[in-house]
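[1] make a model of this:
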Amino acid sequence: MLDLTGHRKDYAARGLSEDEAGADPLALFEAWLREALASEQPEPYAMTLATATADGRPSARIVLLRNFDAKGLVFFTNYQSRKGRELEANPRGALVFYWPEVERQIRVEGAVTRVSAAESDDYHAKRPLDSRLGSAASPQSQVTGSREALEALVAALAEKYPEGPPRPPHWGGYRLEPVEFEFWQGRPSRLHDRIRFSLRGGRWIRERLAP
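    Residues are numbered from 1 along each chain as shown. All right, here's what the predicted structure looks like:
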């Protein structure tokens, strides 16, 4: 047994007032993401993606944010993976960013749709060759016999496409279209600041939540 009850950290770097949060969660998200990028912490664009089956069985994993604009947050994956199958059956997701260096967390919830084929093609073309080969060869989330078998698939694909394979139809992007943001700023004595924005009737409603 591992007892972690004595491991604690107090948060005291800063706070988050309603004035600082503003009225636009998209603007606040961009500002916080830029600060996280400047903080030099590893992969601040990494985010936990939670999905669920049609009957509500949840699962979560880390994916990488690859684009963000007024339409939503974009990540890329294999459509036949577990998350892809779950999003097909239940097209909603939740994201969590955690940045300990700046004592912040952001939660985002919303509907998830596939990006256009053109967007997926554009991102695929920008990826390193090894990444393109790996994602095209891997039957993601399926049982595979051995590491050697997987590497053989990649080698065969590299021989067939020495300059890189075309984007496979089973691989591409998803966009989560936010309907809720929650911004969490760590504060002393566990009295954290939590500001939630909910999209209601086409308008963002800001509310403070108890920690």
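
[2] measure the residue lying closest to residue 95 once chain neighbours are set aside to residue 158 for me?
    Distances taken as C-beta to C-beta, 6 or more residues apart in numbering place residue 108 nearest to residue 95, at 4.3 Å, with adjacent residues excluded. (Each C-beta comes from the backbone N, C-alpha and C, glycine too.) Using C-beta to C-beta, to the nearest Å, residue 108 is found at 37 Å from residue 158.

[3] who's more crowded, those two?
    Set side by side, residue 108 and residue 158 give different neighbour counts by other C-beta atoms under 10 Å, the larger being at residue 108 (24 against 18).

[4] pretty sure residue 172 contacts residue 117?
    Yes. Counting by C-beta atoms under 8 Å, residue 172 does reach residue 117; the two are 7.1 Å apart.

[5] more neighbours: these two, which one.
    Per other C-beta under 10 Å, whichever of residue 172 and residue 117 has more neighbours is residue 172, with 21 against 12.

[6] picking that back up, and the residue nearest to residue 95, what helix or strand is that in?
    Element membership of residue 108, judged by DSSP states H and E, is strand 104-114.

[7] so who does the residue positioned nearest the centre of the chain touch?
    Central residue of the chain (C-alpha atoms, centre = their mean): residue 47, 3.8 Å from the mean position. By C-beta atoms under 8 Å, 6 or more residues apart in numbering, the contact set of residue 47 is 62-65, 73, 75, 95-97.

[8] mind listing the residues bridging to the residue nearest to residue 95?
    Judged by DSSP bridges, the bridge partners of residue 108 are residue 95, residue 181.

[9] how far away is the residue nearest to the centre of the chain from residue 197?
    Counting by C-beta to C-beta, the gap from residue 47 to residue 197 is 17 Å.

[10] same for the strand holding residue 108, what does it pack against?
    Other elements packing on strand 104-114 under the criterion 3 or more C-beta pairs under 8 Å, 6 or more residues apart in numbering; DSSP states H and E are helix 25-38, strand 92-99, strand 171-185.

[11] nearest to residue 12, out of the ones you listed?
    strand 171-185 (10.7 Å; C-beta to C-beta).

[12] average pLDDT for that closest one?
    Averaged over strand 171-185, pLDDT sits at 98.

[13] which of the contacts of residue 47 count as buried?
    Buried by 16 or more other C-beta atoms under 10 Å: 63, 65, 73, 75, 95-97, out of the contacts of residue 47.
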